[in-house]
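J.: Next one to model:
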Amino acid sequence: MTQFVAPGEPTTQRVLITGAAGFLGSHLCDRFVQEGFQVIAMDNLITGDMRNIDHLLPLPNFSFVHQDVSEFIHVSGPLHHILHFASPASPIDYLKIPIQTLKVGSLGVHRCLGLAKAKGARITIASTSEIYGDPEVHPQHEEYWGHVNAVGPRGVYDEAKRFQEAMTMAYHTFHGLETRIVRIFNTYGPRMRLNDGRVLPAFIGQALRGEPLTVFGDGSQIRSFCYVDDLVEGIVRLHFSDETRPVNIGNPDEITIADFAKEILALTGSDVDIVHKDLPVNDPRQRRPDISRAREVLGWEPTVDRAEGLRRTYEFFRGLTLEDLHRSEHKDFESYTR
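T.: Model (predicted):
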């Protein structure tokens, strides 16, 4: 693990992390707290969960602000770093709250960039492999422009992230702002929501409940999965690097969904069946990162193989309460859909 502050030495540098109570945001909070930074965590909890950061609340170098970054951001005093990770990130979420997804990728990033400009802070924004859409190039490299249906059901997330990248680069080129763009591929690990609709928690949840595993289509779709600790390391290296171009961070070890379902059955010892349903609209057929740029400019590549990462993740899900295991809805979004 690369360290940017001497172990055990606090720093006066302050970092704002948006989406801090989410899956990735909470792991970033852990890392920056561990590095000794003064961490300001911000989240409106539309999809985040305070249980992900409860363990940090007593610490003197951690504070939490309940705030929607699409509406307003205020941070008093100096601010040196911003990591904008606020956004619904699973299809179940952004299909239920499409306007909020677009707002956090447009208004939210505009407010974060404006704050970075006012404070003279360096900012990293969380982009995604979804900006490549249903790619016609495999694996996907950063120079590929993508194959996206802007008005399809997934377009609200894809286009929000594409706009976010464009706005970030505009602030970099026009205002000279220190910006970094990380394109995140499929990531997994502890603190994922069991019911967020993504394939890994869906499979593990079904296996733990004794339900058949649901594979959409014939299962020939290709995915690659990066363990969260590897991803966080890549993000941190990028943030403190001099690289201003977008950088793919993900694990290029690919597998078909059909074979992945079999891996989950073997991991969990479950003997349930595998059932097939129709593919969702615009579901990508293949997704695998070309991480040549990350290797070259960051000296980064994943170190946790899928077998070990799945073992750690399965142990986390096994520790959930029965209520969490059987909860079908994460949250009532009624108050957010005005």
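J.: Look up the closest residue to the most far-flung residue of the chain relative to its centre, ignoring the ones flanking it.
T.: Outermost residue of the chain with respect to the C-alpha centroid, by C-alpha atoms, centre = their mean, is D271; its distance is 31.1 Å. Residue nearest to D271 in three dimensions, not counting chain neighbours: L265, with 7.5 Å by C-beta to C-beta, 6 or more residues apart in numbering. Bear in mind the C-beta positions are built from the backbone N, C-alpha and C, glycine included.
J.: okay but the one you found is in contact with L213, surely?
T.: Yes. Between L265 and L213 a contact is recorded at 7.0 Å, counting by C-beta atoms under 8 Å.
J.: Give me the common contacts of the two.
T.: Counting by C-beta atoms under 8 Å, 6 or more residues apart in numbering, the contacts common to L265 and L213 are A207, V272, I274.
J.: Just the buried ones from those residues?
T.: A207, I274 (16 or more other C-beta atoms under 10 Å).
J.: Among the shared contacts of L265 and L213, which are located in strands?
T.: In this view, these that belong to strands under DSSP state E are I274.
J.: Where does the prediction get shaky in the stretch 201-338 of the chain?
T.: For the stretch 201-338 of the chain, applying pLDDT under 70 flags the ranges 282, 328-338.
J.: Let me see the ranges of the helices in it.
T.: Under the criterion DSSP state H, counting those that start in this stretch, helices of the stretch 201-338 of the chain are mapped to 228-239, 257-268, 292-293, 306-318, 322-326.
J.: Quickly compare the ones you listed and say which is most buried.
T.: Most buried of the helices of the stretch 201-338 of the chain, by mean neighbour count (mean count of other C-beta atoms under 10 Å): helix 228-239, with a mean of 22.
J.: picking up where we left off before, quick check: which of the helices of the stretch 201-338 of the chain is nearest to D49?
T.: With C-beta to C-beta, the closest approach to D49 among the helices of the stretch 201-338 of the chain belongs to helix 322-326: 10.2 Å.
J.: Tell me the first helix or strand C-terminal of the host helix or strand of H27.
T.: Using DSSP states H and E, the element containing H27 is helix 23-34. Using DSSP H and E, the helix or strand that follows helix 23-34 towards the C-terminus is strand 38-43.
J.: Is it possible to get JSON lines of the shared contacts of L265 and L213 that adds distance to P139?
T.: Shown next, in JSON lines, are the shared contacts of L265 and L213 (distance: C-beta to C-beta, whole Å):
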{"residue": "A207", "distance to P139": "29"}
{"residue": "V272", "distance to P139": "32"}
{"residue": "I274", "distance to P139": "27"}
